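> Would you be able to build a 3D model of this:
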Amino acid sequence: MIAVRKAEERGHANHGWLDTYHTFSFADYYDPAHMGFGSLRVINEDRVQPGRGFATHGHRDMEIITYVLEGALAHKDSMGNGSTILPGDVQRMSAGTGVTHSEFNASDREPVHLLQIWIEPAQRGIKPGYEQKRFETADKRGRLRLIASRDGREGSVTIHQDASVHAALIQGEERAVYAIPAGRRAYVHVARGRLTVNGQPLSAGDALSASGIREIVMERGEDAEVLLFDLA
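So this is what the prediction gives:
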């Protein structure tokens with residue numbers, strides 16, 4: 001079964017300094033039909049104005065992945081990590097028993113555009129952890145590049161859940177196919193641009209969930225950047 005969720009169906013809030021869209025129920029947006037998909041709990045698309053950001057706040061028992069599309073996001077946390085996340089970088093923070101962090105737009109001129117993804121861990125109460133890796137454009141061009149996995153294979157960041165996250169850039173005649181293992185399901189989120197996924201035309205912010213099918217086919221892209229989640 002395939003289901004499409006259009007961008008305009010998401011929750012939305014504009015706080016001035018933050019313009020945010022919620023694929024699944026989050027904060028003041030609640031929709032019992034969209035609480036998550038398997039262990040995938042949050043996909044928030046955020047645009048943060050220059051010099052603004054999220055003050056220090058806490059998390060527990062969640063795998064948090066940050067994927068920057070444009071701009072630069074400065075990060076600091078209670079584990080002693082400090083970094084700037086740029087397009088091409090993937091940051092993973094395992095909140096575990098508890099962690100606090102802050103995130104700010106590192107520019108005084110340009111907004112930052114990012115996706116923040118939460119995946120529920122397989123086990124609660126783990127030791128908090130942090131990781132950040134870079135994935136070059138060439139590695140995602142016309143193919144699905146593994147960026148997060150349970151075992152950290154292929155140089156991906158490690159998440160504490162039986163799930164994997166892949167990123168792809170699809171343009172023109174480029175085509176990427178992902179075989180869904182038996183008994184698993186997939187979720188596709190279009191970060192920007194447009195393309196066709198299993199015959200369905202999708203644009204930025206749209207998503208497609210797939211259960212009981214054999215493969216995901218991405219093609220006919222127009223500056224498309226896509227994330228694919230393989231979930232139990």
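> Surely Pro181 and Asp230 touch.
Yes - between Pro181 and Asp230 there is a contact under CB atoms under 8 Å: 7.4 Å. Bear in mind the C-beta positions are built from the backbone N, C-alpha and C, glycine included.
> the more surrounded of those two?
Comparing Pro181 with Asp230 by neighbour count (other CB atoms under 10 Å), the higher total belongs to Asp230, at 22 against 11.
> for the residue nearest to the more buried one when sequence neighbours are not counted, what are its contacts?
Once flanking residues are discounted, Asp230 sits nearest to Ser164: 4.5 Å by CB to CB, 6 or more residues apart in numbering. With contacts defined as CB atoms under 8 Å, 6 or more residues apart in numbering, Ser164 is in contact with 146, 148-150, 156, 229-230.
> okay, those in CSV with distance to Asp89, pLDDT and secondary structure next?
Formatted as CSV, these follow (distance: CB to CB, whole Å; pLDDT from 0 to 100; DSSP: H, G, I helix; E, B strand; the rest coil):
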residue, distance to Asp89, pLDDT, secondary structure
Leu146, 15, 98, strand
Ala148, 12, 98, strand
Ser149, 17, 98, strand
Arg150, 20, 98, coil
Ser156, 13, 98, coil
Phe229, 19, 98, strand
Asp230, 21, 98, strand
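> Please check those and keep the buried ones.
Among these, the ones that count as buried by 16 or more other CB atoms under 10 Å are 146, 148-149, 156, 229-230.
> Many thanks, I have nothing further to ask.
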